[in-house]
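Q: Structure, please.
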Amino acid sequence: MTIERLFADTNLFLRYITNDVPAQADAIEKLLINAAAGQCLLVVNALVVAEIVWTLESYYRLSKSDICSKVLAILNTPGLEIVESDLLLQAVLWYAEKNVDFIDAYNAAWMVGHDISAVSTFDKKHYARFEGIKVSIPK
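A: Numbering: from 1, shown residues only. You can find the predicted model right below:
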């Protein structure tokens, strides 16, 4: 028997994390329990995680440390297949530790993973916080 793979959209995690729509949060909890039991496999990509971070930060106004702990919980949820999980783990840790935008942290982690040690950007402030990454500003 093949286990059904389902893409898990951002709003599922947001409803569960925030519990702002309790009936939906309860439904998601059941889905997560089923996934943990091996009845299905939920698949998540980097854009879902980025949207979670952005929404929790911009709409719900959570702190970076709160967001980091929530994303770490997602990354460690049984029954979830997280595409690029190691990259996302590094990105969310740097996001909180270095006080940078999540996308900058993700891009820096991606660069390190692809042996790229220099970035061309006008955002020197954030990229300068990553050791081993040279910042080049176009002139």
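Q: what's around the closest residue to Asn34 other than its chain neighbours, how many residues?
A: Nearest non-adjacent residue to Asn34, counting by Cβ to Cβ, 6 or more residues apart in numbering: Cys40, 5.7 Å away. C-beta: built from backbone N, CA, C; applies to glycine. Neighbour count for Cys40, taken as other Cβ atoms under 10 Å: 16.
Q: got the contact list for Cys40?
A: By Cβ atoms under 8 Å, 6 or more residues apart in numbering, the residues touching Cys40 are Ile3, Glu4, Arg5, Leu6, Leu31, Asn34, Gly79.
Q: shouldn't Val49 be in contact with Leu88?
A: Yes. Counting by Cβ atoms under 8 Å, Val49 does reach Leu88; the two are 5.3 Å apart.
Q: who touches both of these two?
A: Common neighbours of Val49 and Leu88 (Cβ under 8 Å, 6+ apart) are Val71, Leu75, Ile82.
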